[in-house]
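**Student:** got a sequence here, can you model it:
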Amino acid sequence: MNFLKMNRDDFMNLNKSENISFLSFSIFKNKPLIAAVSTRSGGVSSGWFSSLNMKFLEGEKSENVVENRKRFLKVFDISYKNIIACDQVHGTEIKTVTGKDKGKGALSPNSCFHGYDGLITNELNVPLTMCFADCTPIFLYDKVNNVIALCHAGWRGTVGNIMGKAVDIMKNDFGTNPENIVAGIGPAIGQDSFEVGKEVYEEFLKIFDKNEMNLISYEGNNGKYFINLEKANELLLVKSKVNSKNIECADFCTKTHSDILYSYRKDNGKTGRHMAVFMLKNR
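**Tutor:** Sure thing, here's the model as predicted:
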């Protein structure tokens, strides 16, 4: 697999006047795609949400979220009114969408797709979005059939194998050969920052064997464990027959770099969300 070791200089600042920046993947370079994760900079939100908060949250002004989305998406010539969003419930349900769904969740949380943590489309210019603050953004691209999937994988979505479900939908509904999938695993809470109790560790044991657990976890003190969510989802992709050479991991901890990205754990839940956007473009 490829590891994209990110540092501050790797974030591309495309709009110096508004200080908008984003994380992208080298594995998607020169592909007919927009695939990016926003950072915290360049927005109008204040306090806990400072400054480019991309999700409608309690205590945040809706007009701030709309303005932040407008600024970020303008970088990619995407209308903020056209994005598709879910409420993201830490589950494994995935919705296939089309151009008719553009605008769902764009201007209000009430209009989003409820109960989903993944979106799939094979249509051009249909911008899929998910919001994050420690959970794992995962981008899947079938380079032959021109299909994309964007998923939100916290620990619950990971042990529920949302990755395997996304690949299965791509196979069954769009004829995808998993060997043709190119995957980007975005910034998430790093292993050394993600401490869990035995009950969570045992949930991972239901889907990973002992050898695999040794690759994605280590034991800490007082019955605690540390788990690598990026690595866990990479293993699930490989189990679904995605070629490891076609997987790129950001390996960039949101908690460690909470000045750049939002971190739910670092800020005890008092924080905003960064956004992943994924869209097929004309070749």
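**Student:** the stretch 151-283 of the chain: helices as residue ranges?
**Tutor:** 155-159, 162-174, 198-205, 210-216, 229-239 (DSSP state H, counting those that start in this stretch).
**Student:** out of these, which gets nearest to Asp101?
**Tutor:** Across the helices of the stretch 151-283 of the chain, Asp101 has its closest neighbour in helix 162-174 (15.6 Å, C-beta to C-beta). Placement of C-beta: from N, CA and C, glycine included.
**Student:** now the angle from the closest one to helix 229-239?
**Tutor:** Calculated by axes from the mean of the first three to the mean of the last three C-alpha atoms, to 10 degrees, helix 162-174 forms an angle of 40 degrees with helix 229-239.
**Student:** name the helices or strands packed onto helix 162-174?
**Tutor:** strand 94-96, strand 118-121, strand 136-142, strand 147-153, helix 229-239 (3 or more C-beta pairs under 8 Å, 6 or more residues apart in numbering; DSSP states H and E).
**Student:** tell me the strands beside the third one, with direction?
**Tutor:** I take that to be strand 136-142. strand 147-153 (antiparallel), strand 181-185 (antiparallel) (DSSP bridges).
**Student:** which one of the helices and strands packed on helix 162-174 lies closest to Asn177?
**Tutor:** Asn177 lies closest to strand 136-142 among the helices and strands packed on helix 162-174, at 7.9 Å (C-beta to C-beta).
**Student:** the residue most central in space within the chain bridge partners, please.
**Tutor:** Residue closest to the average C-alpha location in the chain (C-alpha atoms, centre = their mean): Pro137, at 1.6 Å. Beta bridges link Pro137 to His152, judged by DSSP bridges.
**Student:** that one touches Ala149, doesn't it?
**Tutor:** No. Look at Pro137 against Ala149 with C-beta atoms under 8 Å: they stay out of range, at 11.4 Å.
**Student:** next up, the contacts around Val159.
**Tutor:** Neighbouring residues of Val159 by C-beta atoms under 8 Å, 6 or more residues apart in numbering: 203-204, 206-207.
**Student:** correction: the previous question concerned Glu179.
**Tutor:** 241-243, 246.
**Student:** ok, back up a step: any idea how far the residue nearest to the centre of the chain lies from Lys100?
**Tutor:** For Pro137, the distance to Lys100 (C-beta to C-beta, to the nearest Å) stands at 25 Å.
**Student:** again, but for Gly186
**Tutor:** 27 Å.
**Student:** between those two, which is the more surrounded one?
**Tutor:** Neighbour tally, Gly186 and Lys100, criterion other C-beta atoms under 10 Å: the higher count belongs to Gly186, 30 against 9.
**Student:** could you check the pLDDT of the closest residue to that one other than its chain neighbours?
**Tutor:** Leaving aside its sequence neighbours, Gly186 sits nearest to Pro137 (C-beta to C-beta, 6 or more residues apart in numbering; 3.5 Å). Predicted confidence (pLDDT) at Pro137: the value is 98.
**Student:** returning to that earlier point: as CSV, the contacts of Glu179 with pLDDT, distance to Asp192 and neighbour count would be great.
**Tutor:** CSV is the format used below for the contacts of Glu179 (pLDDT from 0 to 100; distance: C-beta to C-beta, whole Å; neighbours: other C-beta atoms under 10 Å):
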residue, pLDDT, distance to Asp192, neighbour count
Lys241, 98, 30, 12
Val242, 98, 26, 22
Asn243, 98, 28, 15
Asn246, 97, 27, 21
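**Student:** ok, which pair from these is furthest apart?
**Tutor:** Farthest apart among the contacts of Glu179 - using C-beta to C-beta - are Lys241 and Asn246, which lie 10.8 Å from each other.
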